[in-house]
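# can you look at this prediction? I've put the sequence above it.
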Amino acid sequence: MAELTRDDANVTTAVHDAERAAAASGVTIRELSAVADHAAAIDLLSRIWQRAPENPVVPPELLRALSKAGNYIGGAFAGDELVGVAIAFHADPGRHALYSHIAGISAAHAGHSVGFALKQHQRAWALSRGIDAIEWTFDPLVARNAHFNITKLGARPQEYLSDFYGPMADGVNTDDETDRLLIRWELRDAEVSLRAGGTPLPAVERMPGDLTVAVPADIERIRREDRADAQRWRLRVREELTRALDAGGRIVGFDRSEGYIIRPEKRTP
């Protein structure tokens, strides 16, 4: 047998990690290429985002074209039921990255690590194609997503994007502004690999001068009960994160009680 190259070994390990994660969450994961699978994916995502049938998350003809062009469309199945979907497309060649546009898990399967398994499948798929990183955006006010992306996966926010999508006609964003954090997941990073394999890592080591930006524990509940308070949170977090990042700070972690942990830019005397 030919000796594996370092990259071959990375891919093999990533595939094993993805298979282990899927088994632990009780699902099987595969690429979706058939028209019927695409229709089921659009239906699931539309239900998650509470979209009307005439306003799908992704138009079916576009999803079909993305699949034909060799982009990533992954589905997680519990038996024969599609319970999770992730859609990603290739970024600018110079970035060596995949851009993950949307991912969602059915409410009935939330809390079973299906999202983690789906991201590991996406990671293995990307590494097998020589892709170095996956980028995506998420709402910085949603604490559980910040914890998942930063703490569980080991991805790192790169840029704050104010009202990135503009108004969105769904039942999740409603009339809130669509601020997002752009995040980058370095697929070959040592800590990312350890997390993919299930190795628990200690909390980020705090340094003198580190800042924190708090977010609400449950922004969805606040949006349902007090829209004005939700907007106050939006503006406060936007101002504090933007100011810290514009000054050269880096988001190095997320703490459930304190929020984003920001390391200011080092100043030379």
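Received the coordinates, thanks.
# use CA for all of it now, contacts and neighbours both
Will do.
# where do the strands sit along the stretch 101-250 of the chain?
Ranges of strands in the stretch 101-250 of the chain, per DSSP state E, counting those that start in this stretch, are 133-138, 156-161, 180-186, 211-213, 250-255.
# what packs against the third one?
Taking 3 or more Cα pairs under 8 Å, 6 or more residues apart in numbering; DSSP states H and E as the contact definition, the neighbouring helices and strands of strand 180-186 are strand 133-138, strand 156-161.
# how about JSON lines for those, with distance to V114 added?
Below are the helices and strands packed on strand 180-186 laid out as JSON lines (distance: least, Cα to Cα, whole Å):
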{"stretch": "strand 133-138", "distance to V114": "18"}
{"stretch": "strand 156-161", "distance to V114": "21"}
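# Serialize those strands to JSON lines and add fields for mean pLDDT and mean neighbour count.
Output for the helices and strands packed on strand 180-186, formatted as JSON lines (pLDDT from 0 to 100; neighbours: other Cα atoms under 10 Å):
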{"stretch": "strand 133-138", "mean pLDDT": "98", "mean neighbour count": "22"}
{"stretch": "strand 156-161", "mean pLDDT": "96", "mean neighbour count": "20"}
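# closest to V27 out of those?
strand 133-138 (22.4 Å; Cα to Cα).
# tell me which strands that closest one pairs with, and in which orientation.
Here strand 133-138 is paired, per DSSP bridges, with strand 97-105 (parallel), strand 180-186 (antiparallel).
# flag every buried residue along the last one.
Of the residues in strand 180-186, those buried by neighbour count under the rule 16 or more other Cα atoms under 10 Å are 180-186.
# cool, and stretch 202-212?
Neighbour-count burial for stretch 202-212 [16+ other Cα under 10 Å]: 211-212.
# what sits up against that stretch?
252-253, 258-264 (Cα atoms under 8 Å, 6 or more residues apart in numbering).
# these: which two are farthest apart?
Greatest spatial distance among those (Cα to Cα): E258 and P264, at 16.5 Å.
# between those two, point out the one with more neighbours.
P264 (18 against 14; other Cα atoms under 10 Å).
# the more buried one contacts R250, doesn't it?
Yes: counting by Cα atoms under 8 Å, P264 does reach R250; the two are 6.4 Å apart.
# poorly predicted segments of the chain, please.
Scanning the chain for pLDDT under 70 picks out the ranges 1-7, 169-174, 267-269.
# and if we set it to 80?
Regions of the chain meeting the criterion pLDDT under 80 cover residues 1-9, 167-176, 266-269.
# P53 against S46, yeah?
Yes: P53 is in contact with S46 according to Cα under 8 Å; the separation is 7.5 Å.
# those two: who's more crowded?
Set P53 next to S46 and count neighbours by other Cα under 10 Å: S46 wins out with 21 against 11.
# so what's the more buried one up against?
Applying Cα under 8 Å, 6+ apart, we find S46 in contact with 52-53, 56-57.
# if any of the residues you listed are buried, put those into a PyMOL selection.
To isolate the buried members of those in PyMOL, using 16+ other Cα under 10 Å:
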select buried, resi 56+57
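# from the contacts of S46, which is closest to P216?
Once Cα to Cα is applied, the member of the contacts of S46 that ends up nearest P216 is V57, at 26.6 Å.
# residue contacts, the closest one?
42, 45-46, 49, 51.
# that one in helix, strand or coil?
Under DSSP: H, G, I helix; E, B strand; the rest coil, the three-state class of V57 is coil.
# distance of it from I42?
Taken as Cα to Cα, to the nearest Å, the spacing of V57 relative to I42 amounts to 7 Å.
# and what of D218?
D218 sits at a distance of 27 Å from I42 (criterion: Cα to Cα).
# okay, now R195: neighbour count?
R195 has 17 neighbours, counted by other Cα under 10 Å.
# let me fix that: Y165
So Y165, with other Cα under 10 Å, has 11 neighbours.
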